[in-house]
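Asker: for reference, the sequence and a predicted model appear below.
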Amino acid sequence: MGRPSEARERVIEAAGELFHERGYHAVGVSEICGRAEVQKGSFYHFFASKQKLALAVIERYLETAEEAAAEVLAGDGAPLDRLERYFTALHERQVGQCAGGARVLGCPLGNLALELATWDEELREALRRGFDRQVADLEAVLREARRAGEIGADVDIGAAARALVALLEGHLLFAKLRNDAAPLAGLAAVARRVLGLSA
């Protein structure tokens, strides 16, 4: 028999997969428990409600996404090169997720935001903080780019970072609607134009 902490992790992982595939409201606790291979009583031992589980799923997604982003954004190379690799990695991740005929699922955080932001205040706030963290990550690399002389002093770093996140989320939404990840391949060039640079 596995440790309780392992069962809790399986519940979070299973819920994250199901929410990403089908959405929060379309998935029940029984289905989550089935995929996680835990009893319903174990679920309620770990989480008082599905809403509390969703908060844990959001936090886990953010931890994973920040680790992946840090590998690229805080890695080697010039700041704008790293930013380009960030967008390229996102495209490759979506292509990998839909390999073998699976659907393009889009952004887990964006999907939940569209579904839950007007439905539950605690979830809305968790999602808002998540996007704020993503904006802050991009602000950091843009400040580096300014110090390196890659972007001009006239660029509003905060506004540019928010625009890049909006660009990213919008393209992910279109990719999901069209079930085609190919348009994401051009994100880096569009991002450069947002920053007032040639593609």
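Answerer: Structure received. Numbers count the residues shown, from 1 in each chain.

Asker: buried residues in the lengthiest helix in the chain?
Answerer: As far as residue count goes, and with DSSP state H defining each element, the longest helix of the chain is helix 121-147. For helix 121-147, the buried set under the neighbour-count rule, 16 or more other Cβ atoms under 10 Å, comprises 123, 126-127, 130-131, 134-135, 137-142, 144-145. Any C-beta I mention is one placed from the backbone N, CA and C, and that applies to glycine too.

Asker: packing partners of that helix?
Answerer: Judged by 3 or more Cβ pairs under 8 Å, 6 or more residues apart in numbering; DSSP states H and E, the packing partners of helix 121-147 are helix 50-73, helix 79-97, helix 108-116, helix 157-178.

Asker: packing partners for the first one?
Answerer: The one in question is helix 50-73. Right, helix 50-73 is packed against helix 4-22, helix 29-36, helix 79-97, helix 108-116, helix 121-147 by 3+ Cβ pairs under 8 Å, 6+ apart.

Asker: what separates it from the chain centre, distance-wise?
Answerer: Helix 50-73 has its C-alpha centroid displaced from the chain centroid by 7 Å (Cα atoms, centre = their mean, to the nearest Å).

Asker: any idea how far residue 79 is from the closest residue to residue 143 other than its chain neighbours?
Answerer: Spatially, and ignoring its direct neighbours in sequence, residue 143 is nearest to residue 157 (5.9 Å; Cβ to Cβ, 6 or more residues apart in numbering). Note on residue 157: its distance to residue 79, by Cβ to Cβ, to the nearest Å, is 12 Å.

Asker: list residues touching both of the two?
Answerer: residue 142 (Cβ atoms under 8 Å, 6 or more residues apart in numbering).

Asker: between those two, which has more neighbouring residues?
Answerer: Neighbours of residue 157 and residue 79, each counted by other Cβ atoms under 10 Å, are more numerous for residue 79; the result is 19 against 16.
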